[in-house]
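*Asks:* Have a look at this fold, sequence not included:
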Ligand SMILES: NC(=O)c1ccc[n+]([C@@H]2O[C@H](COP(=O)([O-])OP(=O)(O)OC[C@H]3O[C@@H](n4cnc5c(N)ncnc54)[C@H](O)[C@@H]3O)[C@@H](O)[C@H]2O)c1
């Protein structure tokens, strides 16, 4: 299939592009190359015959129409977004423009193309979203996000993603556009931009800097290895039922403090300090305003209907991730100079 992937120079998008090419698909990567993008993530596929790149902003409807007309994709996988909650607290405007208005422009361009092509039944518009649209859960293992959980976004980021989810469903109900949606939990793994928790902890640890933990570290997240996520996304775009959404989780709930201690233990083994543990660098810092207490995914639907399960535990995935950062210093060093990286953002 020919897949138009938006945001393919980002963390998850690049994992999708690499996997799709490896599986024999053709990929058109559409990305504006914001501060969060890194074309190095695609070095392994950049020369593949089935790969093309278009530097386009999803807010630019005319440019999107040209890309659809030029490449005639079979499927769209829409990942382009502003994605960092802390940045959404400091500057929400661009989150509304990209995540809400940009998704509207994508839907409008996709619909026009789909109509012009005679409404092919096999066309798919796959919208990739987050579990953060569901709000915050109590600390009760019996309670998890299902696809029927009511939306309750609490940050400018999650509110903008919730808005985009609603638009995608509306385009299906109103115009019949063949859509599928996914809402997934926190991703981690290779090529994770060094402003997010896991790379921040690894890189600060190696630099001998404090390991910042928001609040008391009791916030719980359900961690999903990015390559497992990419695998789930390619399954949903191919086999997901029309108009249906699927929650994707790693079945790996950990508090932030547990997660950071696990990372420190892996680093202690792989790159021991002269004395003591990396855990000695843990420092508790002012919490993020409106910090959601717990996210946890009930993945029954994707497991029962499509047969998908994560392939790694969080310990296995973190081990691979730490090794990747140890082996790829030039990649992360180059990104540490970008605006805002290494600063405390989103204090409100
Ligand atoms: N990272 C996570 O844990 C997570 C979890 C659930 C859902 N998601 C969703 O997955 C998607 C990808 O997340 P990510 O972590 O890879 O994000 P990312 O920030 O690493 O990458 C986003 C990409 O989108 C591009 N982009 C941003 N604005 C654009 C615009 N206006 N036009 C074109 N391209 C633009 C950027 O250049 C970048 O390459 C997002 O939609 C996000 O909401 C992420």
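*Replies:* The structure has been received and is ready for your questions. Being a predicted model, the structure only gives us computed values, none of them experimental.
*Asks:* so who does the closest residue in space to residue 289 that isn't next to it in sequence touch?
*Replies:* Excluding its sequence neighbours, the residue lying closest to residue 289 (CB to CB, 6 or more residues apart in numbering) is residue 348, at 3.7 Å. Using the backbone N, CA and C atoms, a C-beta is placed for each residue, glycine as well. Residue 348 makes contacts with 89, 288, 289, as judged by CB atoms under 8 Å, 6 or more residues apart in numbering.
*Asks:* hang on, residue 137 in a helix?
*Replies:* No - assigned with DSSP: H, G, I helix; E, B strand; the rest coil, residue 137 falls outside any helix and is coil.
*Asks:* which strands and helices sit next to the lowest-mean-pLDDT helix or strand in the chain?
*Replies:* Lowest on mean pLDDT, DSSP states H and E among the helices and strands of the chain sits helix 85-90, with a mean of 90. On a contact count with 3 or more CB pairs under 8 Å, 6 or more residues apart in numbering; DSSP states H and E, helix 85-90 meets helix 156-175.
*Asks:* after the helix it packs on, next one along is what?
*Replies:* Note on helix 156-175: by DSSP states H and E, the next helix or strand toward the C-terminus is strand 179-184.
*Asks:* Need the contact partners of that next one.
*Replies:* Strand 179-184 is contacted from outside by 124-131, 133-134, 145, 147, 165, 168-169, 171-172, 224, 229, 232-233, 236-237, 240-249, 297, using CB under 8 Å, 6+ apart.
*Asks:* Those in helices, which ones?
*Replies:* 165, 168, 169, 171, 172, 229, 232, 233, 236, 237 (DSSP state H).
*Asks:* contacting residues for the last one?
*Replies:* So the one you mean is residue 237. Counting by CB under 8 Å, 6+ apart, residue 237 touches 3, 75, 77, 124, 126, 180.
*Asks:* Which residue is the nearest non-sequential neighbour of it?
*Replies:* Closest to residue 237 by CB to CB, 6+ apart is residue 126, at 4.4 Å.
*Asks:* That neighbour bridge partners, please.
*Replies:* According to DSSP bridges, the partner residues bridging residue 126 are residue 77, residue 180.
*Asks:* okay, now it: neighbour count?
*Replies:* For residue 126, the neighbour count with other CB atoms under 10 Å is 24.
*Asks:* could you check the distance from it over to residue 342?
*Replies:* Applying CB to CB, to the nearest Å, the value for residue 126 to residue 342 is 34 Å.
*Asks:* before we move on, the earlier item: type out the ChimeraX command that picks the buried ones from the contacts of strand 179-184.
*Replies:* To isolate the buried ones among the contacts of strand 179-184 in ChimeraX, judged by 16 or more other CB atoms under 10 Å, type:
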select :124,125,126,127,128,129,130,131,133,134,145,147,165,168,171,172,224,229,232,233,236,237,240,245,246,247,248,249,297
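*Asks:* Keep the contacts of strand 179-184, but drop any that are not near the ligand.
*Replies:* With the criterion set as CB under 6 Å from any ligand atom, the members of the contacts of strand 179-184 near the ligand are 128, 129, 130.
*Asks:* ok now do the residue of the chain found nearest the ligand, which residues does it touch?
*Replies:* In the chain, the residue that lies nearest the ligand is residue 10 (2.0 Å; CB to the nearest ligand atom). The contact partners of residue 10, by CB under 8 Å, 6+ apart, come to 31, 36, 37, 38, 41, 79, 80, 83, 193.
*Asks:* Pull the number of nearby residues for the nearest residue to residue 23 once chain neighbours are set aside.
*Replies:* Spatially, and ignoring its direct neighbours in sequence, residue 23 is nearest to residue 234 (6.9 Å; CB to CB, 6+ apart). Neighbour count of residue 234, defined by other CB under 10 Å: 20.
*Asks:* what's the answer for residue 26, then?
*Replies:* For residue 26, the neighbour count with other CB under 10 Å is 18.
*Asks:* Just confirm it contacts residue 5, I think it does.
*Replies:* No - counting by CB atoms under 8 Å, residue 26 stays clear of residue 5, with 10.6 Å between them.
*Asks:* got the contact list for residue 300?
*Replies:* Residue 300 neighbours (CB under 8 Å, 6+ apart): residue 146.
*Asks:* Give me the number of neighbouring residues for residue 286.
*Replies:* By the criterion of other CB under 10 Å, residue 286 has 11 neighbours.
*Asks:* again but with residue 70, I slipped
*Replies:* Residues lying near residue 70 (other CB under 10 Å) number 11.
*Asks:* What of the one 4 residues further on?
*Replies:* Using other CB under 10 Å, residue 74 has 16 neighbouring residues.
*Asks:* Not counting residues beside it along the chain, what's closest to it?
*Replies:* Distances taken as CB to CB, 6+ apart put residue 1 closest to residue 74, at 4.3 Å, once the chain neighbours are dropped.
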